[in-house]
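*Asks:* Got a predicted structure here, sequence first:
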Amino acid sequence: MVGQIPKELVEELRKAKKIGVLTGAGISAESKIPTFRDAMTGLWASFSPEELATPEAFARNPKMVWDWYAFRRDMCAKALPNPGHLALAELEKRYEQFTLTTQNVDGLHQRAGSQRVFELHGSIARVKCTDTGRLLEGEIPECDEPPPLHPETGGLLRPDVVWFGEMLPAEVLQESAKAARNADVYFTIGTSALVYPAAALPVEAQRAGATVVEINPTETPFSLLATFSLRGKAGEILPALLAALDD
Ligand code: OAD
């Protein structure tokens with residue numbers, strides 16, 4: 001697999017001082033967390049986003065949405081970081097400026113040891129009051145009829161994730177856009193490049209003159225723009241890239 005890493009890319013990485021990374025559900029696929037749009041295995045294959053990941057869906061059927069996220073929260077808690085997550089955590093140690101922006105809510109980058117992680121779409125491990133946005137401290141309260149209520153505010157608890165139609169955390173987006181504009185090398189890994197504003201980040205990096213590397217087993221709308229488009233699994237290509245750097 002090391003042979004699959006273009007030597008020009010290794011040279012760029014050896015010269016680089018500032019690295020930016022955008023990850024999507026694909027980097028967690030090898031941790032057995034389903035992606036959203038892969039046919040059949042993708043989460044949306046059995047559910048439509050509109051039914052589950054919108055404020056309207058939650059208002060219409062809070063229990064169904066809560067239960068779906070509780071199922072996913074449990075799956076994420078049981079999942080383990082894979083060699084792709086671990087390689088990114090190792091790569092971060094080698095650069096003075098390394099910014100990892102993820103669309104994923106599974107927390108696996110942090111569990112792999114990545115330090116500087118920006119969660120564009122929030123975190124499934126956190127829950128907050130629907131009315132006030134106040135995060136829950138400590139354990140999620142047991143209740144007969146989910147969703148449970150926030151013990152301080154009394155409002156319905158909901159996952160602290162960004163739903164369709166909701167604003168992304170402004171500071172996270174600003175920091176991620178700055179990292180994209182300033183990167184010497186920018187990676188876009190395991191994302192279908194379909195959901196904005198996340199999908200705009202590699203385009204911003206490319207426009208600002210970065211070397212942009214896409215890692216994905218299949219083509220995406222971004223592939224033609226990438227400087228290097230590496231066809232394959234993140235869990236295989238990233239460790240090979242690290243090994244090529246150490247050669
Ligand atoms: P998608 O499911 O849209 O895309 C997953 C991508 O990962 C696809 O391009 C796959 O080809 C690729 N992939 C699959 N296995 C891989 C592997 N082992 N290594 C590398 N790549 C692999 O997921 P996202 O692009 O993350 O938003 O979706 C973006 C957003 O749409 C999500 O954050 C979510 C969803 O709606 C919200 O919930 C707000």
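*Replies:* Looks like it came in fine.
*Asks:* Contact partners for the closest residue to the ligand within the chain?
*Replies:* In the chain, the residue found nearest to the ligand is Gly26; the distance is 2.2 Å by Cβ to the nearest ligand atom. For every residue, glycine as well, the C-beta is placed using N, CA and C. Contact analysis of Gly26 by Cβ atoms under 8 Å, 6 or more residues apart in numbering lists 35, 189-192, 216-217, 234.
*Asks:* and if we set it to 7 Å?
*Replies:* Counting by Cβ atoms under 7 Å, 6 or more residues apart in numbering, Gly26 makes contact with 35, 189-191, 216, 234.
*Asks:* okay, who's weakest in those residues by pLDDT?
*Replies:* The lowest pLDDT within the contacts of Gly26 belongs to Thr35, with 89.
*Asks:* Isn't it up against Ala25?
*Replies:* Yes. Under the criterion of Cβ atoms under 7 Å, Thr35 makes contact with Ala25 at 3.8 Å.
*Asks:* how about whichever strand in the chain runs longest, does it reach the ligand?
*Replies:* Counting residues, the longest strand found in the chain (DSSP state E) is strand 122-129. No. If you take Cβ under 6 Å from any ligand atom as the test, strand 122-129 misses the ligand, and the best it gets is 8.3 Å.
*Asks:* Output the contacting helices and strands for that strand.
*Replies:* The contact analysis (3 or more Cβ pairs under 7 Å, 6 or more residues apart in numbering; DSSP states H and E) places strand 122-129 against helix 62-78, strand 157-161.
*Asks:* neighbouring contacts of the shortest one?
*Replies:* In this case it means strand 157-161. Here strand 157-161 makes contact (Cβ under 7 Å, 6+ apart) with 58, 69, 105, 121-124, 126-130, 135-136, 140, 147-150.
*Asks:* Report the inter-axis angle for that strand versus strand 122-129.
*Replies:* Orientation of strand 157-161 against strand 122-129 (axes from the mean of the first three to the mean of the last three Cα atoms, to 10 degrees) gives an angle of 150 degrees.
*Asks:* Skipping adjacent residues, who's closest to Phe58 in space?
*Replies:* Closest residue in space to Phe58, ignoring its immediate chain neighbours: Val65 at 4.5 Å, by Cβ to Cβ, 6 or more residues apart in numbering.
*Asks:* again but with Ile124, I slipped
*Replies:* Val105 (4.2 Å).
*Asks:* number of nearby residues for that neighbour?
*Replies:* 25 (other Cβ atoms under 10 Å).
*Asks:* again, but for Glu51
*Replies:* Glu51 has 15 nearby residues by other Cβ under 10 Å.
*Asks:* With Thr54 instead?
*Replies:* Thr54 has 16 nearby residues by other Cβ under 10 Å.
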